[in-house]
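Novice: I'll drop the sequence and a predicted model, then ask my questions.
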Amino acid sequence: MSVILISFAIVFVLVVVVATVGNKILDLRRKSQVVGMLQTAAGEEVVILTNLLKEIEPDQPTGFKQVVASLHFSKHAQQQIAQAGLTWSSNRLLVMMACTAAAGLFFGLTMPFAVAGATAGVVLAAAFGSLPYVYVRRKRRKRLDTLEEQFPESLDFLARSMRAGHAFTISLEMLGEEMPDPLGQEFRALFNEQNLGAPLETAMGNFNARVPLLDVRFFTSSVMLQRQTGGNLSEILQRLAYVIRERFRLKGQVKAASAHGRMTATILTVLPIATMVGLLLVAPGYLQGMGDDPDGRKLIAGAVIAQILGNLWIKKIINIKV
C-alpha cells in the first residue's frame with residue numbers, strides 16, 4: 001500500500017509540474033506568435049520592439065525552468081497537433097499524457113492478476129501515457145493522407161485558373177474558397193499570409209512546413225523557380241499534377257502488394273498479447289508463477305523486447321518509399 005501511495009504522490013507532483021511548465025510554454029508561444037505576426041506586417045521595425053521587450057523582461061528562466069525551456073518536445077508536439085488539425089495546446093497534450101500515465105500506473109498496481117506488480121504498473125503507465133500522443137499521430141497521418149489525395153486536383157484548378165487569365169495570387173484565393181477542407185483551409189492560410197504583407201517565399205515556406213508532404217515541396221519549388229527564371233506556370237503545374245497522380249497510383253500498387261506483409265505484422269503482434277490475456281483470465285496462476293520467479297521475469301522481459309523489435313523490423317521491411 002505504501003508503494004501505491006508513493007507512486008500516486010510522484011504522479012501527482014509530475015502532473016502539477018507538467019501543467020505549470022506547459023502554461024509557461026504556452027504563454028511564451030503566444031507571445032512569439034504575436035511578434036511573428038507583427039514582423040510580417042511591419043518588417044524590421046518590430047525587431048527593435050522585440051529587443052526592447054527582451055531588455056525589460058523581468059525574469060529569465062533559470063535552473064530547472066531553463067532545462068525545461070531547452071527541451072523541444074513542446075514545439076514538436078504543437079507542430080504535430082497543428083498538422084493533425086486539432087485545436088489543442090501542447091500543455092494540454094502533456095497533461096493528458098500525465099493523467100493517462102497515472103491511470104495506467106494505478107491499474108497496473110491494483111489489478112488482481114498483476115504478473116510483476118510494480119513492473120506491470122510502470123509498463124502500463126508508459127503504454128497509457130503514450131495514448132494521447134498516438135491519437136495525435138494517427139489524426140495527423142489521416143489528415144496528411146487526405147491532403148495528398150486532394151493536392152493534384154488543386155494543381156489542376158490553379159492551372160485552369162491561370163490559363164483563364166487570373167494572376168497566381170487571385171488563383172490561390174479562388175482555390176481556398178472552392179477547395180474543400182483540409183486543403184482549402186491550408187490554401188486560405190497561404191493566401192491570407194501573403195495578402196497581409198509577407199513575401200511569397202516566406203508564405204510558401206510556411207505552407208511547406210504546415211503540410212510536410214513531398215508533393216507540396218515539389219509545388220513550392222516549382223513556383224519559386226518559375227518566379228526566378230520565368231516560364232509557363234500553368235503548364236508546369238499541370239505536368240506536376242500528372243506526375244503526382246502517377247506517383248499516387250504507384251503508391252497504391254505498392255500498398256496492395258505489401259498487404260500480406262502488413263497483415264502478417266498485425267497477426268504476429270496481436271496473437272501473443274491475446275494469448276497472454278486469455279491465460280490471465282483462464283489460469284491466472286500460470287503466469288503468476290513466472291512473475292514470482294526471477295528467471296520467469298527475465299523471460300517475460302525478453303519476450304516483450306523481442307516482440308517490439310520484431311514488429312519494428314517487419315514494419316521497416318514493408319514500408320516501401322515511393
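Specialist: Happy to help now that I have it.
Novice: use CA for all of it now, contacts and neighbours both
Specialist: Noted.
Novice: for A167, grab the count of nearby residues.
Specialist: A167: 12 surrounding residues under other C-alpha atoms under 10 Å.
Novice: quick one: low-confidence parts of the stretch 1-150 of the chain?
Specialist: The model of the stretch 1-150 of the chain has pLDDT under 70 over residues 1-73, 111-119.
Novice: now do 90
Specialist: By pLDDT under 90, the low-scoring segments of the stretch 1-150 of the chain are 1-79, 82, 85-95, 102-128.
Novice: start to end distance for stretch 288-302?
Specialist: Distance between the two ends of stretch 288-302: 17 Å, counting by C-alpha to C-alpha, to the nearest Å.
Novice: buried residues in it, which are they?
Specialist: For stretch 288-302, burial by neighbour count (16 or more other C-alpha atoms under 10 Å) applies to Q288, M290, G291, R297, I300.
Novice: how distant is that stretch from the center of its chain?
Specialist: 36 Å (C-alpha atoms, centre = their mean, to the nearest Å).
Novice: now tabulate the buried residues of stretch 288-302 in CSV and tack on distance to L109, pLDDT and secondary structure.
Specialist: Shown next, in CSV, are the buried residues of stretch 288-302 (distance: C-alpha to C-alpha, whole Å; pLDDT from 0 to 100; DSSP: H, G, I helix; E, B strand; the rest coil):
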residue, distance to L109, pLDDT, secondary structure
Q288, 14, 74, helix
M290, 17, 75, helix
G291, 14, 71, helix
R297, 16, 77, helix
I300, 18, 80, helix
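Novice: what's the local residue count around E246?
Specialist: Applying other C-alpha under 10 Å, we find 12 residues neighbouring E246.
Novice: that one and R239: what is the separation?
Specialist: Look at E246 and R239: by C-alpha to C-alpha, they are 11 Å apart.
Novice: next secondary structure element downstream of the helix or strand hosting V134?
Specialist: Element membership for V134, per DSSP states H and E: helix 131-163. Counting by DSSP H and E, the next helix or strand C-terminal to helix 131-163 is helix 168-178.
Novice: residues of that next one that come out buried?
Specialist: By neighbour count with 16+ other C-alpha under 10 Å, helix 168-178 contains the buried residues F168, T169, S171, L172, E173, M174, L175, G176.
Novice: and for stretch 228-240, what's in contact with it?
Specialist: L155, D156, L158, A159, R160, M162, R163, F218, F219, S222, V223, Q226 (C-alpha atoms under 8 Å, 6 or more residues apart in numbering).
Novice: now with 7 Å?
Specialist: Contact with stretch 228-240 is made by L155, D156, A159, M162, R163, Q226, as judged by C-alpha atoms under 7 Å, 6 or more residues apart in numbering.
Novice: now the most centrally placed residue in the chain: which helix or strand?
Specialist: The chain has Q80 as the residue nearest its centroid, 3.0 Å off, counting by C-alpha atoms, centre = their mean. If you go by DSSP H and E, Q80 is part of helix 73-83.
Novice: G231 too?
Specialist: Using DSSP H and E, no helix or strand contains G231.
Novice: any idea how the protein splits into domains?
Specialist: 2-129, 142-255, 259-318 (automatic domain parsing).
Novice: just so I know, which of those lies nearest V136?
Specialist: domain 2-129 (6.3 Å; C-alpha to C-alpha).
Novice: ok, back up a step: can you lay out the domains of the chain as a markdown table showing distance to V136?
Specialist: Shown next, in a markdown table, are the domains of the chain (distance: least, C-alpha to C-alpha, whole Å):
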| stretch | distance to V136 |
| --- | --- |
| domain 2-129 | 6 |
| domain 142-255 | 10 |
| domain 259-318 | 20 |
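Novice: of the ones you listed, which is nearest Y135?
Specialist: When the domains of the chain are compared by C-alpha to C-alpha, domain 2-129 sits nearest Y135, at 9.5 Å.
Novice: where does the stretch 201-322 of the chain have low pLDDT?
Specialist: Along the stretch 201-322 of the chain, the model assigns pLDDT under 90 to residues 227-232, 247-322.
Novice: 80 - rerun?
Specialist: Low-confidence segments of the stretch 201-322 of the chain, defined by pLDDT under 80, are located at 280, 283-293, 296-297, 319-322.
Novice: ok, back up a step: from the buried residues of stretch 288-302, which single one is nearest N91?
Specialist: When these are compared for distance to N91 (C-alpha to C-alpha), I300 wins out at 35.0 Å.
Novice: if I look at that closest one, how far off is I273?
Specialist: Counting by C-alpha to C-alpha, the gap from I300 to I273 is 12 Å.
Novice: do the same with L309
Specialist: Distance from L309 to I273, by C-alpha to C-alpha: 15 Å.
Novice: buried ones in stretch 206-226?
Specialist: Within stretch 206-226, judged by 16+ other C-alpha under 10 Å, the buried ones are F207, N208, R210, V211, D215, V216, R217, F219, T220, S221, V223.
Novice: distance between it and the chain's centre?
Specialist: 19 Å.
Novice: and for stretch 255-272?
Specialist: Worked out by C-alpha atoms, centre = their mean, stretch 255-272 lies 24 Å from the chain centre.
Novice: what's the answer for stretch 296-305, then?
Specialist: Distance, stretch centre to chain centre, for stretch 296-305: 31 Å (C-alpha atoms, centre = their mean).
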